[in-house]
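Visitor: Fold the following and give me the result.
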Amino acid sequence: MTTRPSPYLVTEADLKTAFAGGVYLISPEELLSHNSGCIIEGLRDLGMTVKSNTARVTSRHASMPLAGVPEAELCSKPFAGMSAVIIDISHGNEYVPLESMRGGRLAYLTNSDTSAFCKVPDPFALFSVHENAFATNGARRFPLAFGPTNALIAASDRRRAFEKRKKVALRNFRATLSQGVRALLDLSYVPQLKTKLPVDEAIVPPNLYLDALHGSQVCLAYGGDFFSPIQNNPWFAEKEPQLLARHSFERIDASAIIMRWDSWRFWESLLAGCVTVHLDFAKYGLKLPVLPEPWVHYAPIDLDDIKGSAEALMDHQKHWPDIAEAGRAWAIKHYAPKPTALRVLGQLL
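Guide: So this is what the prediction gives:
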């Protein structure tokens, strides 16, 4: 019996050989997600052939990928001999049967807020953000992080020294739908924190956003919403079967899980060298290929002990500069475009 190598044991040279025919990314809506843009950046950094059916990308001002990449260098029709095709279904979040595109390995990618509900047939890999260890929808799902872009990494190289920043926690979320985690913590964690540390809630325009991050020692970078397994309620099967079909998991091991938890803000905060405050990754099943360590790379929040979480942040104050720098180094090491592209290729292999 032949044993397949682990994607983490395959060398960069092996991957370049295996995908020498190039990688093609296609968006049915002709609008790539942030993650596709990061993968393209990483493949280009590796010197590999990568093309797409569009150069349009949706992301944030501070985290926009493919900065400075000419459209003519990227856009192409599908070409002969492709080693892999990645289909970005982020904007529809539904399986699109494009098996005719197969030039080699074929995989899907979703960056959707509701990516946890996306399902593709088992023969195909699905790279998905917002994965939770307590629920699954398919055998070949691979967790994907929003991750930093090359432009964000370069911009954060000019960050202010930690000791020259304001001793303040930045909390500049704009109100949006489906952000139950932020609403809960606005009612609980933020009031506790305000008794110990100034909280900056000013909303700044996009061109001043990185300056605000670079000038703050702490950043509240959590997000997400809660979901309870409605498939356990027979009313939905009887009255709303289509709704149930769209909002069910093959496996769910908790009475409630946290969804839509990844964000650009988390990575922007890390890269800016802030002490990044987020829900405890391991406790709440927030799934990444490589997890950050609490109090090493970020400051965790435990929903069972809101007051204690705020107090613990202040108790670690003398370690804030080390946490900020370790978090930035962790994010670049594991989630910059190049390591992200290598991981995706390894999992495809």
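
Visitor: Please make it C-alpha for all contacts and neighbour counts, starting now.
Guide: Fine.

Visitor: any idea which element Phe266 lies in?
Guide: Element membership for Phe266 (DSSP states H and E) is helix 264-271.

Visitor: Just the buried positions in the helix-or-strand element of the chain with minimal mean pLDDT, please.
Guide: None of the helices or strands of the chain scores lower by mean pLDDT, DSSP states H and E than helix 241-246, at a mean of 88. Within helix 241-246, the residues scored as buried using 16 or more other C-alpha atoms under 10 Å are Leu244.

Visitor: List the neighbouring strands of the helix or strand following the helix holding Phe266 plus their orientation.
Guide: Moving toward the C-terminus from helix 264-271, the next helix or strand (DSSP H and E) is strand 275-279. The pairing partners recorded for strand 275-279 under DSSP bridges are strand 216-220 (parallel), strand 299-301 (parallel).

Visitor: and those, which is most packed in?
Guide: Stretch with highest mean neighbour count among the strands paired with strand 275-279: strand 216-220 (a mean of 26; mean count of other C-alpha atoms under 10 Å).

Visitor: That strand vs helix 264-271, what angle?
Guide: With axes from the mean of the first three to the mean of the last three C-alpha atoms, to 10 degrees applied, the angle from strand 216-220 to helix 264-271 works out at 150 degrees.

Visitor: Find out how far strand 216-220 is from the centre of the chain, if you would.
Guide: 20 Å (C-alpha atoms, centre = their mean, to the nearest Å).

Visitor: who touches that strand?
Guide: 162, 165-171, 213, 269, 273-278, 320 (C-alpha atoms under 8 Å, 6 or more residues apart in numbering).

Visitor: what comes into contact with the next helix or strand after that strand?
Guide: Sequence-wise, the next helix or strand downstream of strand 216-220 (DSSP H and E) is strand 225-227. Residues outside strand 225-227 that contact it (C-alpha under 8 Å, 6+ apart): Ser178, Gln179, Gly180, Val181, Ala256, Ile257, Ile258, Met259, Arg260, Trp261.

Visitor: Partner strands of the following helix or strand past the least confident helix or strand of the chain and their direction?
Guide: Downstream of helix 241-246, the next assigned helix or strand under DSSP H and E is strand 251-252. In the sheet, strand 251-252 lines up against strand 135-136 (antiparallel) (DSSP bridges).

Visitor: Among the contacts of strand 216-220, name the buried ones.
Guide: Buried among the contacts of strand 216-220 (16+ other C-alpha under 10 Å): 162, 165, 168-171, 213, 269, 273-278, 320.

Visitor: Which pair in the residues you listed has the greatest spatial separation?
Guide: Arg165 and His278 (20.3 Å; C-alpha to C-alpha).

Visitor: which residues of the stretch 1-150 of the chain fall in helices?
Guide: 12-18, 34-45, 71-74, 150-156 (DSSP state H, counting those that start in this stretch).

Visitor: how about the strands of the stretch 101-250 of the chain, start to end?
Guide: 105-110, 125-128, 135-136, 141-143, 166-170, 199-200, 216-220, 225-227 (DSSP state E, counting those that start in this stretch).

Visitor: can you list these in TSV and add mean pLDDT?
Guide: Output for the strands of the stretch 101-250 of the chain, formatted as TSV (pLDDT from 0 to 100):
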stretch	mean pLDDT
strand 105-110	95
strand 125-128	96
strand 135-136	92
strand 141-143	96
strand 166-170	98
strand 199-200	98
strand 216-220	98
strand 225-227	95
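
Visitor: Is it possible to get TSV of the ones you listed that adds distance to Leu187?
Guide: Shown next, in TSV, are these (distance: least, C-alpha to C-alpha, whole Å):
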stretch	distance to Leu187
strand 105-110	31
strand 125-128	30
strand 135-136	27
strand 141-143	30
strand 166-170	16
strand 199-200	14
strand 216-220	14
strand 225-227	15
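
Visitor: Nearest to Ala324, out of those?
Guide: Nearest of the strands of the stretch 101-250 of the chain (C-alpha to C-alpha): strand 216-220, 8.3 Å.

Visitor: Hey, what's the angle from that closest one to strand 166-170? Just curious.
Guide: Put simply, strand 216-220 runs at 20 degrees to strand 166-170, going by the same axes, to 10 degrees.

Visitor: how about low-confidence regions in the protein?
Guide: Low-confidence segments of the chain (pLDDT under 70): 1-9, 102-103.

Visitor: Now do the domain split for it, please.
Guide: Annotated domains of the chain cover 12-148+336-348, 151-227+254-334 [automatic domain parsing].

Visitor: Distance to Pro234 for the ones you listed - can I get that in TSV?
Guide: Output for the domains of the chain, formatted as TSV (distance: least, C-alpha to C-alpha, whole Å):
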stretch	distance to Pro234
domain 12-148+336-348	19
domain 151-227+254-334	16
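
Visitor: re earlier: kindly write the ChimeraX command that selects the buried subset of the contacts of strand 225-227.
Guide: Selecting only the buried entries of these in ChimeraX, with 16+ other C-alpha under 10 Å as the criterion:
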select :179,180,181,257,258,259,260,261
